[in-house]
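Novice: here is my input; please provide its structure:
(2 chains)
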Number of protein chains: 2
Amino acid sequence: MPTLIAGARSGRIRDIARLISLVEDGSPVVPALMRELADTVGRASVVGITGSPGVGKSTTTAALISGMRARGQRVGVLAVDPSSPFSGGALLGDRIRMQQHATDEGVFIRSMASRGHLGGLSATTPQALRVLDAAGYDVVLIETVGVGQSEIEVAAAADTTLVLLAPGMGDSIQAAKAGILEIGDVFVVNKADRDGADSTVRELRNMVGLGSRAADAWDPPVVKTVASTGEGIDRLLAAIDGHREWLIASGQLQVRRVKRASDEVEALALAILRGRLEAGSGSARLAAAAADVAAGRIDPHSAAAALVEALAEEPPLSEDGT
Amino acid sequence: MPTLIAGARSGRIRDIARLISLVEDGSPVVPALMRELADTVGRASVVGITGSPGVGKSTTTAALISGMRARGQRVGVLAVDPSSPFSGGALLGDRIRMQQHATDEGVFIRSMASRGHLGGLSATTPQALRVLDAAGYDVVLIETVGVGQSEIEVAAAADTTLVLLAPGMGDSIQAAKAGILEIGDVFVVNKADRDGADSTVRELRNMVGLGSRAADAWDPPVVKTVASTGEGIDRLLAAIDGHREWLIASGQLQVRRVKRASDEVEALALAILRGRLEAGSGSARLAAAAADVAAGRIDPHSAAAALVEALAEEPPLSEDGT
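Specialist: Residues are numbered from 1 along each chain as shown, chains lettered A, B, ... in the order given. Have a look, this model is predicted:
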């Protein structure tokens, strides 16, 4: 592994890909890997890109990559699909559209899939991010499909979240109401050459304006783009830069990163505790408790409280693979 | 609370409703309530009813209630909507269709909503079930919307799960493939007076037949109904009875109930542990760990492992409200 890590730090694509595969597979070496990478986290800007299917997320991602490469930035992309394996095909199709960047050494693109291990994508995405951070990418783009709970969790890994919409998608603004508004730092009306773009922009501006904001809070801009021609991408890059400057000046970058670290540590701690309940003496105790509850000899709350106390008295296992 | 419990045990609707509200609100008295009810669990038959919107779940539920009432059974209904508050309206509309049973003392109908407390509906549904069980309902019907992860968790609370489909809903069988097949004990093709009912039945029978089964395994029947006229409801009741007889004869009723108890105890134990991470000294330790991780002084895995050890050494709090 030291060779892999050294290779990844020097930007060797194959080694970066192998480290991310370890993360994705939930390999037992991941804790040791994260330990090695700890001192190089927090360098990359992390930009999340989300929106309903059909708004042009992949085209916009490709256009952003071009713009960032033109400024000399190295760009990593994590395309996250938290839905079932059945929809993997569509995402693969999108990846093909990004092939213009496939031979560029300064670009790393990876589709992430949940392989069902503890914590799912909300656990593996920050770990993959650490690998790309350590590999020296200046920007990491995290592209997610849709706006469900998983996407919101994944978006929480970003410093700046872009929410994409397209004109004429009747329910996109409605979907926006259901949760997108809170997570968007920059709103993008893509396919802005279509009818209805201006009314979508207006409607969005009104909705964004409705939220009560402190005087020093960030006011999310609404940017029109036609990602397929590159139109508006310069304004979008400027909006992303503007948000980053605000994050740093306001201290929010640090606040967000500590919050992210807190969520990650909590999720990992709970995964350790769940592991104790599902293996060895924990699992035997759980089975006995379940039999008692099913027979009506004890209620589930008392059984759970007793189980937690019993676990606390167990000698700790080594959960971190070392 | 003793008065409420005594009232609920004697079948007083208002007291049952108030106990379920306590459960839904995640009241601190819930553990004590569950302790009181422990010795009267496992009496009711629990029947889950699931399927996509539009297949006629509520109409079928209403028809099943009528059939069960005609046999003299008391029936409790929990209608579970794990989706956002925005879709609550549709469910309310469905409830109104059940008003034919609203004045029947032998029927209790309740919409359950997740109020965002720990464990959500997969925590509160088994608790509400215990209340109805203690109140002496012979059958508890749990009606869920759709077939997502939450629905599957809720379906796991049932002894017998009915999966409803309707003819001419192009993707219903496709949806079935994605997970419905494993959870269905009885398949119902409702609206069977519509075109295509027989081919939907045939397709379902083929798919159900594809699974490899042990010789003594349950072979899920496919029942045609027109719930709005009551047609086929007698056959559906017979299929439910048949599954129950198999559950008892095969020992699977006990196996399923122990599995349910195990899931419930595990979820509650994890909720207790999460509570320790989010309050008091646990939350201070988590905040310190997060700051260290964000600054790159430690990796998240090591921080999580240290946090778990520190928590194990804390004196236990009283989490059960006593």
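
Novice: now do the longest helix seen in chain A against helix B:252-278, angle only.
Specialist: Longest helix in chain A by number of residues (criterion: DSSP state H): helix A:252-278. Inter-element angle recorded for helix A:252-278 and helix B:252-278: 140 degrees (by axes from the mean of the first three to the mean of the last three CA atoms, to 10 degrees).

Novice: quick one: helix A:252-278 near chain B?
Specialist: Yes - residues of helix A:252-278 contacting chain B under CB under 8 Å from any CB of the partner chain: A:254, A:257-262, A:264-266, A:268-274, A:277-278. No exception for glycine: its C-beta is placed from N, CA and C like everyone else's.

Novice: which neighbouring elements make contact with that helix?
Specialist: Secondary-structure packing of helix A:252-278 (3 or more CB pairs under 8 Å, 6 or more residues apart in numbering or on different chains; DSSP states H and E): helix A:120-134, helix A:233-250, helix A:280-294, helix A:300-313, helix B:252-278, helix B:280-294, helix B:300-313.

Novice: contact partners for the nearest residue to residue A:293 once chain neighbours are set aside?
Specialist: Of all residues not flanking residue A:293 in the chain, residue B:261 sits nearest, at 3.8 Å (CB to CB, 6 or more residues apart in numbering or on different chains). The contact partners of residue B:261, by CB atoms under 8 Å, 6 or more residues apart in numbering or on different chains, come to A:289, A:290, A:291, A:293, A:294, A:300.

Novice: hmm, try it at 10 Å
Specialist: Counting by CB atoms under 10 Å, 6 or more residues apart in numbering or on different chains, residue B:261 touches A:286-287, A:289-296, A:298, A:300, A:303, B:41-42, B:126.

Novice: same question for residue A:34.
Specialist: Contacts of residue A:34 (CB under 10 Å, 6+ apart): A:23, A:41, A:126-127, A:130-131, A:134, A:264, A:268, A:320, B:293, B:298-303.

Novice: specify the angle between the host helix or strand of residue A:37 and helix A:252-278 in degrees.
Specialist: Using DSSP states H and E, residue A:37 sits in helix A:30-37. The directions of helix A:30-37 and helix A:252-278 differ by 150 degrees, with the same axes, to 10 degrees as the criterion.

Novice: report the angle between the axes of helix A:30-37 and helix B:300-313?
Specialist: Calculated by the same axes, to 10 degrees, helix A:30-37 forms an angle of 120 degrees with helix B:300-313.

Novice: what's the average pLDDT for helix A:30-37?
Specialist: Regarding helix A:30-37, the rounded mean pLDDT is 92.

Novice: CA atoms of that helix as CSV?
Specialist: Taking Å, rounded to 0.1, in the frame of the first residue of the first chain, the C-alpha atoms of helix A:30-37 are listed here in CSV:
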residue,chain,number,x,y,z
VAL,A,30,-9.3,1.7,4.5
PRO,A,31,-8.8,3.0,8.1
ALA,A,32,-5.0,2.6,7.7
LEU,A,33,-5.3,4.4,4.3
MET,A,34,-7.2,7.3,5.8
ARG,A,35,-4.7,7.5,8.6
GLU,A,36,-1.9,7.9,6.0
LEU,A,37,-3.8,10.6,4.1
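
Novice: right, and the helix or strand after that helix?
Specialist: Moving toward the C-terminus from helix A:30-37, the next helix or strand (DSSP H and E) is strand A:45-50.

Novice: tell me the mean pLDDT over that next one?
Specialist: Mean pLDDT, strand A:45-50: 93.

Novice: now do the contacts for residue A:67.
Specialist: Residues near residue A:67 by CB under 10 Å, 6+ apart: A:73, A:75, A:230, A:233, A:234, A:236, A:237, A:240.

Novice: how about those residues in a markdown table, adding distance to residue A:159, neighbour count and pLDDT?
Specialist: Below are the contacts of residue A:67 laid out as a markdown table (distance: CB to CB, whole Å; neighbours: other CB atoms under 10 Å in any protein chain shown; pLDDT from 0 to 100):
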| residue | distance to residue A:159 | neighbour count | pLDDT |
| --- | --- | --- | --- |
| A:73 | 14 | 16 | 96 |
| A:75 | 14 | 26 | 95 |
| A:230 | 24 | 14 | 94 |
| A:233 | 19 | 22 | 97 |
| A:234 | 20 | 13 | 97 |
| A:236 | 15 | 22 | 98 |
| A:237 | 15 | 17 | 98 |
| A:240 | 9 | 23 | 98 |
